[in-house]
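> this one's sequence-less:
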């Protein structure tokens, strides 16, 4: 509240707020999304449909969402954070009752004109609530066991629901994003050591439970783990995705085969080429130069978000922006690790590039909150 009182009369109003937008961030977002438009156009054989044109429309809608979120005062987002989290949790529960099944997973709600994946929304609202919680909590209580238990419950509750859908990739992202906000907020490092020990124990339990009545993962998830350690064990089955992905990555070389000249994608050897494995299409057509350029854009987006976080004058804005920056980094790092064989395939899309509506809109909404943090800081 003191922040609000101190900043009255120092925050721009109306259209003048657009002057304070972080334009380098907008340009970086547009450049990154353009890679997706090019790849989706190429994958469709030089056609805007069925992927490139819808993706452009979603990106335009995302820009509008980002601008709306940016001009709304950051303290409004702080006050509605609990409601946003509860609403996301309600949607996650609704998936279990009314969700549609696609490719063996029940993760989407069908609203007729569009499909929504609530787990994508939860990535953002979880960070918002944790940032608001630690903005409210006095510093002397941050590492007290009772006050550490509260955010742990906030993180674990949606994670368990998402694991049941099943969606291991998003569950990992939620745990990591929540832990990052807690760490930046100042929670004692001893808790994180205990968590790492618990994770090691859980991993051991996952392997020990295989084939038993209390098996912790689905059979297809165990096959993905097997494929990660030895992709050649089943090159035409569970290892097909990663095998074809590595072929596409290697065939690109330094500068790639050329735009719309990728054989793995054009001849349909590469599954999920427009979603989770779109990075390998880029690698095949534009080679190391193209992939390094995209990676550079991602890194610059993260750096800009960190700069915004360090320049803000209130704790909520800092924690929120740093949480968004780390989550964004983790999403593209996990996707790139997945398609290059450095991590198991867990179904994480490449942000701003992979085809998809829910992920695009939520990411743009997140960047809108980053913009709001910059626009509404005291001047």
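Looks like it arrived, so ask away. Since we're looking at a predicted model, the values are computed, not measured.
> Burial check on residue 282, number of neighbours?
The number of residues packed near residue 282 is 26, by other Cβ atoms under 10 Å. Bear in mind the C-beta positions are built from the backbone N, C-alpha and C, glycine included.
> before we move on, what about residue 179?
One way to gauge burial is a neighbour count; for residue 179, by other Cβ under 10 Å, it gives 20.
> ok, now which ones touch it?
Applying Cβ atoms under 8 Å, 6 or more residues apart in numbering, one finds that residue 179 lies in contact with 155, 192, 195.
> That one and residue 188, how far apart?
Counting by Cβ to Cβ, to the nearest Å, the separation of residue 179 from residue 188 is 13 Å.
> cool, residue 51 as well?
Residue 51 sits 47 Å away from residue 188, going by Cβ to Cβ.
> in this protein, which helix has the most residues?
The helix spanning the most residues in the chain, taking DSSP state H as the definition, is helix 278-311.
> Taking helix 278-311 as reference, get the angle to whichever helix or strand comes after that helix.
Using DSSP states H and E, the helix or strand that follows helix 278-311 towards the C-terminus is helix 315-339. Relative orientation of helix 315-339 and helix 278-311, computed by axes from the mean of the first three to the mean of the last three Cα atoms, to 10 degrees: 160 degrees.
> and helix 315-339, what other elements does it pack with?
Helix 315-339 makes packing contacts with helix 74-98, helix 118-136, helix 168-185, helix 240-252, helix 278-311, helix 357-375 when contacts are defined by 3 or more Cβ pairs under 8 Å, 6 or more residues apart in numbering; DSSP states H and E.
> now with 10 Å?
Contact here means 3 or more Cβ pairs under 10 Å, 6 or more residues apart in numbering; DSSP states H and E; on that basis helix 315-339 packs against helix 2-7, helix 74-98, helix 118-136, helix 168-185, helix 240-252, helix 278-311, helix 357-375.
> Need those helices in a markdown table (columns: distance to residue 217 and mean pLDDT).
Supplementary listing: these in a markdown table, determined by distance: least, Cβ to Cβ, whole Å; pLDDT from 0 to 100:
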| stretch | distance to residue 217 | mean pLDDT |
| --- | --- | --- |
| helix 2-7 | 45 | 41 |
| helix 74-98 | 19 | 94 |
| helix 118-136 | 17 | 96 |
| helix 168-185 | 8 | 93 |
| helix 240-252 | 18 | 81 |
| helix 278-311 | 25 | 95 |
| helix 357-375 | 24 | 95 |
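> Include distance to residue 24 when you put the ones you listed into CSV, please.
Supplementary listing: those in CSV, determined by distance: least, Cβ to Cβ, whole Å:
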stretch, distance to residue 24
helix 2-7, 24
helix 74-98, 19
helix 118-136, 22
helix 168-185, 23
helix 240-252, 29
helix 278-311, 6
helix 357-375, 11
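> in whichever helix or strand residue 27 is part of, what's buried?
Using DSSP H and E, the secondary-structure element containing residue 27 is helix 23-43. By 16 or more other Cβ atoms under 10 Å, the buried positions in helix 23-43 come out as 25-26, 28-29, 31-33, 35-43.
> Just list what the helix or strand just after it packs against, helices and strands only.
Sequence-wise, the next helix or strand beyond helix 23-43 is helix 52-71, with elements assigned using DSSP H and E. The criterion is 3+ Cβ pairs under 10 Å, 6+ apart, and the helices and strands that helix 52-71 contacts are helix 23-43, helix 357-375.
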